[in-house]
Each structure stands twice: as structure tokens, then as C-alpha cells.
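Participant: Coordinates only, no sequence provided:
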């Protein structure tokens, strides 16, 4: 039993540098910035609580309240703003500006913790209040931001570290939070691969074809796609194998690099051929942060440093 | 040392929830007969899904504090859904077309519009949700809300008919034989500023 406990402890709390955290911070900073900019013209329209928007936000918030009253939402901010005589449009615009600022803050590493918490909170508010217009990318952004704000920030590449000389309080937990992210990704890919394997369309390539011609993901002309039809069955099986094999092969130091490149290439391909750029970016960011540091040999040597040495 | 125990306990609970949710979603797909599993697996999957439901507090009353706390945590951690994207099979997509009827008898057509491609993906997700909803009242309400921006852009319009349909995608073989995507009518709703509740036309 003590041996098992020791092994578990070593697995959950390995000595770790903050390279992965820097990758996660930078990646999520870029993601939040691009997310905000991509919605700059539609932000108020998608998230309005009045009849001026596409879907009244209050409906999504009412449905959310059936599950829980404590999940953050834009209605809270609007109500708070109303106390200060701010109309809803101003509050929504302020929320957008703050989210963009938080993204930029994360990107350069300024006020890392505050930026991470603010980005998580405001993005969560937008994702939940805009529940009818949310999709997978919002889920993965919430996951990434949730882990980022709980991790021992700042990392050594941030402006906080370099200019303000601030240091993380619990740097011994760097390995723990990386492990959490790694295991979560393993579960994501395993279940994603498993459910794909249960559908006949992923074995004969028809799901590859359907996903590429399905509006609004039909970026590539079907006349071009049809020339590659013989590749679809192999590509479908390859994706299933890549996803379901992820939790088994990504831990092997010899195969990790290939697996990571393949999975990132698949996400980049999805982004380019289906127009899901933000979805592709968040998945690449999470993968690179979780399993990227250590793949390159030079990184591998640095990873053997004890956390105390890194922090001092 | 105490910090490690707290972290390990949180880790156990966090991943129990993720696994439960993912298992529940996978079992739900099997239970609904959407997978390649034979139908004899359905009853087993339904029973197993009930166990996963219990772990996630779904058997508790909606007002129960534990269920509410659990739901809050699932949402704030982003683990309230499973990961079966485009699985087990790629679903069809949907289209909403607004027919604008002018007082002079003219008819124009409009689609829901946004400024960017990123927001366009969200509209597509919204249409999927409208199609998936089991409550006609909710569906009608959502379509009605989507009609309002069209009213504002065209205040002179007498009546707007919102036609909701599914897009049939051709298979590779069908595409090679010249078949292209087609539309199936699902629902239509007529909205006018004078008439209060719109009447849905049956499918």
C-alpha cells in the first residue's frame, strides 16, 4: 500500500518546470484575444437581453437557472450595471473590452492571475448567457481557463516575473496541474474516439465526406473533395485510431512526438478545411501545453531541474 | 502534505465527474440505438446510464442543494458535456428561411445574418439546437425571437413566415451521379405584428 501511495504521489505530483504553463498562458491569451476580436461586431447582437438581439439572453439564463442559480452569467453584470445607471449595451461593451484586455494581459503575462480569473469569468458568462449560440470551442476554452487560473502563475516568461519580480506561491504544484490537463485531454480523446468508433460512418469514410460538405463547414468545394474520395475511409479510421489511442500512446516518450504532431495536424486540418479556426487553435494550445514541453530534446534536459531551482 | 491530500481528493472527484458524464453520454447513444451495437445492448445501456445519472445527482430534486452545487461546479469547470463531437455519426444540418410578405403582395427571402464567420458558426449551432428541442413551444419561441431582427430591418412587412427545414446531404455516390443537397420542410411559423400567437403548421 505505501508503495502504491508513493507511486501515485509521484505520478500526480511530479517535479516540473513552468514551460507548459507558459505555453498554456500564451495560447489561451491568443485564443481569448482572437475570440473577442472575431465577435466584436456581433457581441451585443448575440448576447443582448433585450429584443434587439438575435436570441434574448434571458431565455438561456432562465434555462440555466433550472440547473443552478450560481453559474456566472451576463445578467449579473447587467443587473450590477443597472445599479450604476449603466444601460445594458454599455455593460456588454465593457464586458467585451475587459475580456479583450484579459486576453492581451495573458498574452504578455501582465497581471497573470487577475487576467486569467477575469478571462475565465467573462468568457463563462458569455458562454452560459449565450447558451443557444455556444458550441464546443466554448467548452474547451472554459476547461483551459479553469486550469490556468488555478495553476501557479506567473511563469518565468511573463512580464509579471520579469518586471514585477512576482513569483508563484505554490510552484510545487506545477506538475500536478499539468498532470490534470494531460489526463483530461486523454479522457476527451478517448471518449471522442470511442463514440466515433460506434458509428458506422467513420469506418467507411461517409462521415468524413459529410463533415466536410455539411453547412456551414463546407469551406472546400465538394467537386475538389470528390477527387480524394478514396482517402476518406482511411482518414476516418485514422482519426478514430488517433483519438482512441491517444491515452495509451501519448505517454510513451518515443511515440509522443509523432502522436502530438498527428493530433495537432488533424486539428489544423479541421480548422483549414471546415473553417473552425478557433476550435482548432484551442485544441492545439491544450495539446501543446499538456504534452509539448519535453518533446524536444533540449526541453527534456531542462525538465529534470527541480522546481525549487527553477523558481529561485 | 495536507495540500497534496486536498489536491488528490479534488482530483478524484473532478475526474469521477468527467468520466461519469462521458460514460453517460456514450451509454445514452447506445441506449437510443444510434450506434453499431445490436439493439440487445439497449436495455443494458439504459440501466448503466441510470447509474451514471445517479453519480451526477440527476435523481435528486432540481432544488436539491447537492444537485445545484454539482451543476454549478460542472458548469464552471467546463465539464458539463461529453465529447462526442460529430459522433457516432455526423448529424444533418438545418436552415431557417424568412419569407417576407409585403402589403403589395411582393415576397422576399432573408436568412439569419451576422457579421463574421465566427458568429456564423454559432448561428448554425443555434439552428441545430432548435431542431433538437423536444418542446414545440420553445422551438416556436426561439424562431420568433430570430424573426424580430428581420422585423426591425423591414418594418413595412405585413407578415413573416419562418420556414425551418433540414438539409439533406448527398452521399459520395449520389454526388457523383449529380445529386446535390436538398431541403426537407420541417416546420413553418407565421408571424404578423397584429396577430398575437403564431400558429405552427404541422410537419
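Facilitator: The structure has been received and is ready for your questions. Note that the coordinates shown come from a computational prediction; the quantities given were computed from them, not determined experimentally. Residues are numbered from 1 along each chain as shown, chains lettered A, B, ... in the order given.

Participant: Give the buried residues for stretch A:89-97.
Facilitator: Within stretch A:89-97, the residues that count as buried by 16 or more other C-beta atoms under 10 Å in any protein chain shown are A:91-92, A:95-96. For the C-beta atoms, the positions are set from N, CA and C on the backbone; glycine is no exception.

Participant: can I see the domain layout of chain B?
Facilitator: Following automatic domain parsing, one gets these domains for chain B: B:2-77, B:93-201.

Participant: Give the other helices and strands that the longest helix belonging to chain B contacts.
Facilitator: The longest helix of chain B (DSSP state H) is helix B:2-31. Packing partners of helix B:2-31 (3 or more C-beta pairs under 8 Å, 6 or more residues apart in numbering or on different chains; DSSP states H and E): helix A:2-12, helix A:174-197, helix B:41-55, helix B:65-77.

Participant: So for residue A:106, which of the ones you listed sits nearest?
Facilitator: helix A:174-197 (15.7 Å; C-beta to C-beta).

Participant: Beyond that closest one, next helix or strand please.
Facilitator: helix A:206-213 (DSSP states H and E).

Participant: what about whichever helix or strand comes after that next one, near chain B?
Facilitator: With elements assigned by DSSP H and E, the helix or strand that comes after helix A:206-213 is helix A:222-225. Yes - counting by C-beta under 8 Å from any C-beta of the partner chain, contacts between helix A:222-225 and chain B involve residue A:222.

Participant: ok, and what's touching helix A:222-225?
Facilitator: A:209, A:212-213, B:175 (C-beta atoms under 8 Å, 6 or more residues apart in numbering or on different chains).

Participant: after the strand or helix carrying residue A:46, next one along is what?
Facilitator: According to DSSP H and E, residue A:46 maps onto helix A:43-47. Per DSSP H and E, the first helix or strand lying C-terminal to helix A:43-47 is helix A:57-67.

Participant: what does that following helix rub up against?
Facilitator: A:47-49, A:71, A:73-75, A:128-132, B:62, B:68, B:71, B:75, B:141-142, B:145.

Participant: Residue B:50: which of the contacts of helix A:222-225 is nearest?
Facilitator: residue A:209 (36.2 Å).

Participant: Return the residues in contact with that closest one.
Facilitator: A:225, A:229, A:232, B:171-172.

Participant: To which secondary structure element type does residue A:71 belong?
Facilitator: coil (DSSP: H, G, I helix; E, B strand; the rest coil).

Participant: Residue A:254 now?
Facilitator: helix.

Participant: and it, how many neighbours does it have?
Facilitator: Using other C-beta atoms under 10 Å in any protein chain shown, residue A:254 is surrounded by 7 other residues.

Participant: Residue 189 - how many residues pack around it?
Facilitator: No chain in the question, so chain A it is. Residue A:189 is flanked by 22 other residues according to other C-beta under 10 Å.

Participant: other chain: chain B
Facilitator: With other C-beta under 10 Å as criterion, residue B:189 counts 20.

Participant: where's it relative to chain A, distance?
Facilitator: 15 Å (C-beta to the nearest C-beta, to the nearest Å).
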